[in-house]
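> missing the sequence, but the structure's below:
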């Protein structure tokens, strides 16, 4: 079920009413409702893959219980590996099987050995990369004794399948989300209203900005050979805003929906395009994934401790794995490696934590130095997106070489430029609102809060009407495919 | 909680009230101005930009051009290179068809491109293209052709954004338009197969599994009178330009054509009546089951579109037909009734 669908618009109020009016007296029943609602939400897309969520839930729940009873190091390790193998096994089979197979065949062929193997026509279950990582975090935390294993299967099932963030995150930590299922939730008016506002802003980002940008990004990337360097630059910029608004829009809707049910999810985006360096960008972009890799991969590998070589190696590992997490394609690996290259100079000169604060806090405009740093970081990020969006490496290289050609200095030309201009105006307005609201959790969190109710209602109506009138062609959320 | 629910109800009620007022006003406007909305001038505004995709036409140098128009069955069904080869490159075949393209769009395309040296135009006929049910595959401006109740039904059955598209289309109606908005600098390179394309798709069985889908839904939405009207306009336009205009029935896979014969006879008869009512005399040739005897499963990418091999085979048959070598011209449009 898509957040931007009529189905969800009907589903959400029904679950909300059942949650707060029918099951509110019994915590277990309320959690059970969340499980049922989550399974319906997921099964709406393809009920067959519910079995994967169920297996993942049962395995990690059992591993957790097993770990609570085991004190022996070896047995505990075995249990942890069961969880890792099952979860990463699902991921490996559904997401990476064909990639590895194709690359093995290519490698063997390169060395003169012709081998034949059939690739599988497998569908990638939506959200598999998200919920497998979430359940893994539980097993690892229990193994490390950071978290008490749960005996409440319903609460654990609800934690694994919690519908607002099931298919595209934020990837929650068991330490943050699971305890919220143990305690009785009480309805908080301000929290619910804030949740609705965040949902509205998320829908605006997705439908007005991302979907409109997608139309032109797809057009230009899909026919890149027909376009000049300048048009391709515009195409990459459209994609830059598409992916940000698509994914952060989804996260906003997910967080907002959770707040309606009394849950607090972790923040996933913190105005990443205003970052002053790549290290700051990665502290602000897809935070739940970056911190997941930091805590469960980078730190266990030794993090930034040790010699220079180890630092470089660990940085590359975390960025490349992060890239590979996004998809079974060399383009994602290169995208990750490129970000590692951007990041390394900061790490090696110990400047990777120099920009922790919000940029130009309390001011309307950034300083010249800050503006320059923001633009430079933005430029580097935009360049990396070329690899992320391209069909394959050849495609990415052809785009880059065209951008580097003389045609970069020609006027961009592509169909429907008037609509593109409207989209650009929307993007500019959007970025101004984001800049003004960058000290909040999301851009419009405090916007108009002190206004009188009719005026505030009018503001929300305007956003809703803009969504209806200027929304782009419906596109699936990009991160569903990861 | 009570306050929250009350606030939500207030917020939604005000919004609904405003929305209902808006709908009443807009629907009234649509019904009063429908003729103007669908005037040739306004429709041209919608479809004029299609010519942007054909800037390359001016780069084809030939004294003898033949245009192929229609929907996807023509786009993937005929190869211009193959046809050119068969004519020993004396003729330049150009494929102007596109997925779901109907006569309205085709008319404005023909009207606004350079037709110098064009001697013949062949239009592929697929009946469902002439239904209102098919509007979801067209410019959303066509949603204004539904009445309110049809829109409601369409919303539930086919497209949850029916009303949004319908009302947004009105913005296009109001918006000023000049032909200068067209970008002449894009799509100037002649495509590899002069507009034809090969469809690479995994073949699927037709109609299995699941229930049968009504291709037409005439009872619910009716025929698109506009499409028939513009079909006639194409014929008249060709006559005025001294261009020979013929229509043909692109072949379908046998399981599909058999199902069509069985299930859509009434629809087909209605469709023929609508075409004939236009009092246009034109040659018509080809039939849906034309390739049945050639082991047609190997020739189709899916039930209605030919694959690469099928495209080659059918291009030769088509070429022979237009040269009357096989005397394949039908006497009437009911291609299956004499079987």
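All right, it came through fine. Not measured: the values here are computed from a predicted model.

> where does the chain dip in pLDDT?
In the absence of a named chain, this looks at chain A. Applying pLDDT under 70 to chain A flags the ranges A:115-122, A:475-477, A:479-482.

> Chain B, not that one
Scanning chain B for pLDDT under 70 picks out B:180, B:201-213, B:277-279, B:295-296, B:325-339.

> Check which helices and strands the longest helix along it sits against.
The single longest helix within chain B, with elements called by DSSP state H, is helix B:2-37. When contacts are defined as 3 or more C-beta pairs under 8 Å, 6 or more residues apart in numbering or on different chains; DSSP states H and E, helix B:2-37 packs onto helix A:189-203, helix A:453-470, helix B:162-174. Every C-beta, even on glycine, is put in place using the N, C-alpha and C of the backbone.

> could you give the angle of the longest one to helix B:162-174?
Pointing back at helix A:453-470 there. For helix A:453-470 against helix B:162-174, the angle by axes from the mean of the first three to the mean of the last three C-alpha atoms, to 10 degrees is 80 degrees.

> Please identify the buried residues of helix A:453-470?
Neighbour counts over helix A:453-470 (16 or more other C-beta atoms under 10 Å in any protein chain shown) mark A:456, A:457, A:459, A:460, A:463, A:464, A:467, A:468, A:470 as buried.

> again with stretch B:167-177
Buried residues in stretch B:167-177 (16+ other C-beta under 10 Å): B:167, B:168, B:169, B:170, B:173.

> So which bits of the stretch 301-450 of chain A are right by chain B?
Listed as neighbours of chain B in the stretch 301-450 of chain A under the rule C-beta under 8 Å from any C-beta of the partner chain: A:413, A:414, A:415, A:416, A:417, A:418.

> which among the residues you listed end up buried?
In these, the ones that pass as buried (16+ other C-beta under 10 Å) are A:413, A:414, A:415, A:416, A:417.

> Next, give me the two most distant ones among the residues you listed.
Greatest spatial distance among these (C-beta to C-beta): A:413 and A:416, at 11.3 Å.

> Filter the residues of the stretch 301-450 of chain A next to chain B down to the ones in helices?
Of those, the ones assigned to helices by DSSP H are A:417, A:418.

> Which parts of the stretch 301-450 of chain A are helices?
A:308-326, A:330-348, A:368-389, A:393-403, A:417-436 (DSSP state H, counting those that start in this stretch).

> got TSV for those, with distance to residue B:217 too?
Below are the helices of the stretch 301-450 of chain A laid out as TSV (distance: least, C-beta to C-beta, whole Å):
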stretch	distance to residue B:217
helix A:308-326	42
helix A:330-348	43
helix A:368-389	39
helix A:393-403	41
helix A:417-436	31
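
> and of the ones you listed, who's closest to residue A:250?
In terms of C-beta to C-beta, the element of the helices of the stretch 301-450 of chain A nearest to residue A:250 is helix A:308-326, at 14.7 Å.

> I'd like to check the angle between that closest one and helix A:368-389, please.
60 degrees.

> now the angle between helix A:330-348 and helix A:308-326, please.
Note on geometry: by the same axes, to 10 degrees, helix A:308-326 and helix A:330-348 are set 150 degrees apart in direction.

> can you tell me which helix or strand the residue located most distally from the centre of chain A belongs to?
Residue farthest from the centre of chain A, counting by C-alpha atoms, centre = their mean, is residue A:112 at 41.0 Å. Per DSSP states H and E: residue A:112 is located in neither a helix nor a strand.

> so what are the domain limits for the chain?
Going with chain A. Per the record, chain A has its domains at A:6-186, A:190-276+A:355-481, by automatic domain parsing.

> wrong one, I was asking about chain B
Split into domains by automatic domain parsing, chain B comes to B:1-37, B:39-322.

> How many residues are close by residue A:404?
Close neighbours of residue A:404, defined as other C-beta atoms under 10 Å in any protein chain shown, add up to 10.

> how far away is it from chain B?
Using C-beta to the nearest C-beta, to the nearest Å, we find residue A:404 at a distance of 21 Å from chain B.

> neighbours of the nearest residue to that residue once chain neighbours are set aside, just the number please.
Computed as C-beta to C-beta, 6 or more residues apart in numbering or on different chains, the closest residue to residue A:404 that is not its neighbour in sequence is residue A:229, at 7.1 Å. Neighbourhood size, residue A:229 [other C-beta under 10 Å]: 20.

> what's next to stretch B:220-238, contact-wise?
Here stretch B:220-238 makes contact (C-beta atoms under 8 Å, 6 or more residues apart in numbering or on different chains) with B:38, B:43, B:102-104, B:106-107, B:110-111, B:121, B:123, B:129-135, B:142, B:145-146, B:150, B:153-154, B:157, B:244-245, B:270-271, B:274-275, B:277-278, B:280, B:282.
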